[in-house]
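S.K.: quick one, structure for this:
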Amino acid sequence: MICSIDERRQCIEPSHKQLTVERQCELIGISRAAYYYKQQPIRAEALELINVVDKIYTDYPFFGTRKMAAYLNDTGYYVGRKLIRRIYQVLGLEAVYPKPNLSIPNREHKIYPYLLRDVEITHNKLDLFCNASQMQRGWHKAILHCKKDFLN
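M.R.: From the prediction side, this is the model:
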């Protein structure tokens, strides 16, 4: 069972008669500095910057830390790339860009046959549409319903 540092910190008894705090920290697997550490509250300016970065990221998810820092500097927030990188880490954000090996198919993925390969289009009113698919962008979803119609 893996416990967080806060949960392990609560297991330590400072008034224990036989084990010192140092030995208890060693047994639990945290440093004494981690035991005595008190987290600082987030300043209002930093919270505002986090909200601004989150809003901009929602509109431009392809912005990396450099582009986000440049965009914020142009809009009046003078911040460096390392602060933006830290905010991205705290919020769990990552720029959307093509990752390597995207075109390599998964071996376990089923390959569906192309069913219209031998179908000849005999007249001009033959309409072929796509299957139902779903598209998602940000928080909004748009479901596209398509159909296959054969008109005479």
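S.K.: neighbours of residue 122, just the number please.
M.R.: 7 (other C-beta atoms under 10 Å). For the C-beta atoms, the positions are set from N, CA and C on the backbone; glycine is no exception.
S.K.: got a pLDDT number for it?
M.R.: Looking at residue 122, its pLDDT reads 74.
S.K.: can I take it that it is in a strand?
M.R.: No. Counting by DSSP: H, G, I helix; E, B strand; the rest coil, residue 122 falls outside a strand, being coil.
S.K.: what residues are up against it?
M.R.: Applying C-beta atoms under 8 Å, 6 or more residues apart in numbering to residue 122 gives no contacts.
S.K.: equivalent analysis for residue 98, please.
M.R.: Contacts of residue 98 (C-beta under 8 Å, 6+ apart): none.
S.K.: check the gap between it and residue 59 for me.
M.R.: 20 Å (C-beta to C-beta, to the nearest Å).
S.K.: so what are the domain limits for the protein?
M.R.: As assigned by automatic domain parsing, the chain contains the domains 5-36, 44-91.
S.K.: first-to-last residue distance for the longest one?
M.R.: In other words, domain 44-91. 16 Å (C-alpha to C-alpha, to the nearest Å).
S.K.: for it, give the mean pLDDT please.
M.R.: On average, domain 44-91 scores 95.
S.K.: do the same with stretch 99-119
M.R.: pLDDT averaged over stretch 99-119 gives 83.
S.K.: start to end distance for that stretch?
M.R.: 36 Å.
S.K.: returning to what we had before: any idea which of the domains of the chain is most buried?
M.R.: Of the domains of the chain, the one with the most neighbours on average (mean count of other C-beta atoms under 10 Å) is domain 44-91, at a mean of 14.
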